[in-house]
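Colleague: following is a predicted model, sequence given first.
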Amino acid sequence: MNGIKNNVLIDLNGNGYTNGKCTNGTIYHQDDDIYTYDTLNQIAKFFLDRTKVRPKIGIICGSGLGAIAEMLEDVDKFPYSSIPNFPVSTVEGHAGQMLFGYLDNVPVMCMQGRFHYYEGYPLAKCSMPIRVMKLVGVTHLIATNAAGGLNPSYKVGDIVIVKDHINIMGFAGNNPLQGPNDTRFGPRFPPMNKAYDRKLIEYAMEIAEEMGMKDEVHEGVYTCLGGPNYETVAELKMLKILGVDAVGMSTVHEVITARHCDITAFAFSIITNKCVTEYESMEEANHDEVVDVGKRRQSILSVLVCKMVTKINDAAL
Ligand SMILES: O=P(O)(O)O[C@H]1O[C@H](CO)[C@@H](O)[C@H]1O
Ligand SMILES: Nc1nc2[nH]cnc2c(=O)[nH]1
């Protein structure tokens, strides 16, 4: 059971949360959505006190892609509900736990479940785990997501290596960096023209070629809408004109937050559905299909993530 019931947020474990308190009496959350440096440092310390793993790479598993986390070895697991001041996952396909462990002997931390704006969390709260990653020593982010394929050449199951994004929510004045800027994380006005690391994109394309997947892997432009509804035909036609290839409801605010604090960012989408751009079409996007396609492709994506982790580590980027 998860969702919102009688104004109480219910997490995937059935715990209820109201006014920042878990209804079993434990206080899990602060009462507001401001994540100060001190609060984030406390969360980082919570992890560092409980695991010996000192991660260099942070991974975020998208919808239906939780198996990526299952490749980790010597794992320490922290359900989000056990972490002080941490939000909880309320979406199907997002287990809601932080894992620390090793991928091919490389120390990593992995979010098995992310936070979305449509769950009721402000963007800064959705992306605050990135700052926690920074504080525990992460230098590289690998963000994965499920997305609708707007580029007509994309097929369901294809992989899109994100080469750039369009921050549509930012156009409307909504940005995870809004509010007072803490220069311990980064500058007030961070550049974003090199948001997605070019070297990592090239590595990913090389890996795709080695894996014989060249035809299923593309470089593309991703955008994040607020959700939770999927797009209208007119909205998709507009996004196409803007140059968008893949449409989702995540990742952009995570990457902005990562780049602000100088974490190198890499992201890819699994195309879980084709965006419907014709009124005559009988197809409709639905989350069950999104999660199913993610699950079907997660073993190949896990290999891709694993090879990227090794490459980042070997190249000491
Ligand atoms: O971006 P991830 O978390 O992979 O999930 C995507 O899939 C869900 C919609 O089916 C939305 O949450 C969208 O953002
Ligand atoms: N916004 C959006 N998010 C998605 N996540 C998976 N598919 C889609 C889609 O078609 N649109």
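Modeller: Done, it's in. Ligands and ions are numbered 1, 2, ... in the order given.
Colleague: any idea of the pLDDT on residue 228?
Modeller: Looking at residue 228, its pLDDT stands at 97.
Colleague: give the contact list for it.
Modeller: Applying CB atoms under 8 Å, 6 or more residues apart in numbering to residue 228 gives the contacts 116, 118, 249. C-beta here means a position set from N, CA and C on the backbone, and glycine is covered the same way.
Colleague: near ligand 2 too, which of the residues you listed?
Modeller: Contacts with ligand 2 within the contacts of residue 228, counted by CB under 6 Å from any ligand atom: residue 249.
Colleague: possible to save the contacts of residue 228 as TSV with neighbour count, secondary structure and distance to ligand 1?
Modeller: Below are these laid out as TSV (neighbours: other CB atoms under 10 Å; DSSP: H, G, I helix; E, B strand; the rest coil; distance: CB to the nearest ligand atom, whole Å):
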residue	neighbour count	secondary structure	distance to ligand 1
116	22	coil	5
118	16	helix	7
249	25	coil	3
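Colleague: between the contacts of residue 228, which sits nearest residue 232?
Modeller: Closest approach between those and residue 232, by CB to CB: residue 249, at 14.9 Å.
Colleague: residue contacts, the closest residue to that closest one other than its chain neighbours?
Modeller: Using CB to CB, 6 or more residues apart in numbering and skipping the chain neighbours, the partner closest in space to residue 249 is residue 227 (3.8 Å). By CB under 8 Å, 6+ apart, residue 227 lies in contact with 116, 117, 118, 249.
Colleague: before we move on, what SS does residue 227 have?
Modeller: Under DSSP: H, G, I helix; E, B strand; the rest coil, the three-state class of residue 227 is coil.
Colleague: most proximal residue of the chain with respect to ligand 1?
Modeller: Ligand 1 sits closest to residue 62 of the chain, with a gap of 2.7 Å, by CB to the nearest ligand atom.
Colleague: okay, that residue: pLDDT?
Modeller: At residue 62, pLDDT is 94.
Colleague: I figured it hits residue 250, correct?
Modeller: Yes: contact between residue 62 and residue 250 holds when scored by CB atoms under 8 Å: they sit 7.0 Å apart.
Colleague: quick one: name the residues of the stretch 1-150 of the chain near ligand 1.
Modeller: Residues of the stretch 1-150 of the chain that fall close to ligand 1, judged by CB under 6 Å from any ligand atom: 62, 63, 91, 114, 116, 145, 146.
Colleague: out of these, which sit inside strands?
Modeller: 145, 146 (DSSP state E).
Colleague: so which of the residues of the stretch 1-150 of the chain next to ligand 1 wins on neighbours?
Modeller: When neighbours are counted by other CB atoms under 10 Å, residue 62 leads these with 30 neighbours.
Colleague: chain neighbours aside, what residue packs nearest to it?
Modeller: Closest residue in space to residue 62, ignoring its immediate chain neighbours: residue 145 at 3.8 Å, by CB to CB, 6+ apart.
Colleague: tell me the bridge partners for the one you found.
Modeller: Using DSSP bridges, the bridge partners assigned to residue 145 are residue 269.
Colleague: that one reaches residue 255, doesn't it?
Modeller: No: the pair residue 145 / residue 255 is not scored as a contact, 10.6 Å apart, by CB under 8 Å.
Colleague: show the average pLDDT along stretch 98-105.
Modeller: Rounded mean pLDDT across stretch 98-105 is 96.
Colleague: now do stretch 179-198
Modeller: Stretch 179-198 carries an average pLDDT of 97.
Colleague: who touches that stretch?
Modeller: 34, 36-37, 124, 131, 134, 162-165, 167, 177, 255-256, 259-262, 264-267, 317.
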